[in-house]
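Asker: Quick one: sequence plus predicted model below, questions after.
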Amino acid sequence: MVTHTNDTVRAEPPRQPAGARPLLITLLLSSMLTTMAGAIIAPSLPAMEKHFSSVDNADFLVRMVLTVPALMIALGAPLVGTLVDRIGRKPVLAASVGLFGFAGGSGLVLDNLYAILAGRLLLGVAVAGIMTATTTLVTDHYPGESRSRVLGLQAGFMGFGGVAFLSLGGVLADIDWRGPFAIYLVAMPLTLLVLRFVVEPPRAAAVPGANGDAAGGRFPKLAYGIYALVLISQVMFYLIPSQLPFYLEDIGGIGASGAGLAIALMSLANALVGLNYGKINKRFGFKQVAVATFALLAAGYLAIGATSAVPLVLVGLVVLGSGVGLLIPNFNTWLASRTPVALRGRVMGGVTSCMFLGQFLSPALSQPATGPLGIDGVYLAAGALGATVAVVLLLLRTGSPDAAPAGAPEAAPRATAGRP
């Protein structure tokens, strides 16, 4: 799985762009949009299924409304990563934020399930651009220890965005199943902030290495292991938005707003842990945090699946959210420390692709299993999978410390853009 290599990258000089604080705020607000890719409409699923009950395979297609953006993100992220490296971070981000508002809000007016699915495909393209461009801009502008702090802030803002948007989505879904689609329109004014405050970083110059290749120009082998872990984790994670509304309705008669608040509780735990990732990263190695991440995912799912008591399910969601809060900032920081600037968009695009491929595959893999196992059985199986991954990571010999190699970005001076 995850192995270390001797890949090194050139140390990055500190950067201090003009308007550093507005830049940071704009990147964090843009990152919050990605939490709305699918889960924000999760509380609407039962009502949407009833509305389109006359459509063949409505139960499956409605779940695809939740997850089809993930398929497009998974397919589009590698191409978007290439565009981010070749035409620039800012143009891709601005276009993606604008498309996000247009495609996401289309569900307000469309009354054809297949047309809604088409809008969700466009939404996926937008999210691929936002997630890849924002993460690449963070890793460009923030070297050294500040990178882990800002990536933790990014995860925290995404978590708090989940709390706000999912809670509001649940309330709006109780009024009308179309209500949550209105929240996507917040991207429209944010497009103006991107155009005004985002600073395009200077292009990295290739430096000849001993063998004539560009120094640090190799695709890091570490990426393949991290991609696999991200894929597995997201198959597990998306069992919550795709199945929890139905599970809570079964065990407690809880409606859309209650399901939205429950998912928001998980996002709150995600946010609080993510905000502290910078401190965690200073104390523990990347591998140790990865083991803890999957252990928390396992414990959360085992708690949810082992009980029909709603309070215990909520406890499980908090534990699960704590693991999710560590997940992406840890893998992004780990991978960015081994990736040259010139390849960063493509490498980070791979993380985005695997993340959302896992989210797309999750209902396709779990829905057939809910028949023989029940939703509680699916959650227990996810807990067993998480425990297995944690044990494998714990026993895995990495062959080198978790710290970045000499000359990697983490070795750079600590002066940063807009120190958080």
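Answerer: Cool, got the structure.

Asker: the strands in the stretch 201-350 of the chain, which residues?
Answerer: For the stretch 201-350 of the chain, applying DSSP state E, counting those that start in this stretch gives no strands.

Asker: Can you give the distance from the lowest-mean-pLDDT helix or strand in the chain to the centre of its chain?
Answerer: Between all helices and strands in the chain, the lowest mean by mean pLDDT, DSSP states H and E belongs to helix 145-175, at a mean of 78. Centre-to-centre, helix 145-175 and its host chain are 11 Å apart (Cα atoms, centre = their mean, to the nearest Å).

Asker: Flag every buried residue along it.
Answerer: Within helix 145-175, the residues that count as buried by 16 or more other Cβ atoms under 10 Å are 145-174. Backbone N, C-alpha and C define where each C-beta goes, glycine included.

Asker: residues contacting Phe157?
Answerer: Counting by Cβ atoms under 8 Å, 6 or more residues apart in numbering, Phe157 touches 28-29, 31-32, 271.

Asker: So what's the residue count around Thr82?
Answerer: Per other Cβ atoms under 10 Å, the neighbour tally for Thr82 reads 14.

Asker: what about the strands in the stretch 51-200 of the chain?
Answerer: Under DSSP E, counting those that start in this stretch, the stretch 51-200 of the chain gives no strands.

Asker: Now do the helices in it.
Answerer: Counting by DSSP state H, counting those that start in this stretch, the segments of the stretch 51-200 of the chain that form helices are 58-86, 89-105, 113-141, 145-175, 187-197.

Asker: Alpha carbons of the second one, as PDB, please.
Answerer: Coordinates of each C-alpha in helix 89-105 appear next as PDB, following Å, rounded to 0.1, in the frame of the first residue of the first chain:
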ATOM      1  CA  ARG A  89      -4.900  27.900 -10.900                       C
ATOM      2  CA  LYS A  90      -7.000  31.100 -10.900                       C
ATOM      3  CA  PRO A  91      -8.800  30.700 -14.300                       C
ATOM      4  CA  VAL A  92      -9.800  27.100 -13.500                       C
ATOM      5  CA  LEU A  93     -11.100  28.100 -10.000                       C
ATOM      6  CA  ALA A  94     -13.100  31.100 -11.200                       C
ATOM      7  CA  ALA A  95     -14.800  29.200 -14.000                       C
ATOM      8  CA  SER A  96     -15.500  26.300 -11.700                       C
ATOM      9  CA  VAL A  97     -17.100  28.400  -9.000                       C
ATOM     10  CA  GLY A  98     -19.400  30.100 -11.500                       C
ATOM     11  CA  LEU A  99     -20.400  26.700 -13.000                       C
ATOM     12  CA  PHE A 100     -21.000  25.400  -9.500                       C
ATOM     13  CA  GLY A 101     -23.800  28.000  -8.900                       C
ATOM     14  CA  PHE A 102     -25.400  27.500 -12.300                       C
ATOM     15  CA  ALA A 103     -25.400  23.700 -12.300                       C
ATOM     16  CA  GLY A 104     -26.200  23.200  -8.600                       C
ATOM     17  CA  GLY A 105     -29.100  25.600  -8.600                       C
END
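
Asker: quick check: angle from it to helix 113-141?
Answerer: If you take axes from the mean of the first three to the mean of the last three Cα atoms, to 10 degrees, helix 89-105 sits at 150 degrees to helix 113-141.

Asker: and if you look at the first one?
Answerer: In terms of direction (the same axes, to 10 degrees), helix 58-86 departs from helix 113-141 by 30 degrees.

Asker: If you average the pLDDT over stretch 76-92, what comes out?
Answerer: The pLDDT scores in stretch 76-92 average 87.

Asker: buried residues in that stretch?
Answerer: Within stretch 76-92, the residues that count as buried by 16+ other Cβ under 10 Å are 76-81, 83-85, 88-92.

Asker: Contacts for it, please.
Answerer: By Cβ under 8 Å, 6+ apart, the surrounding residues in contact with stretch 76-92 are 96, 124-125, 128-129, 131-133, 136-137, 140, 194, 198-201, 342-350, 352-353, 356.
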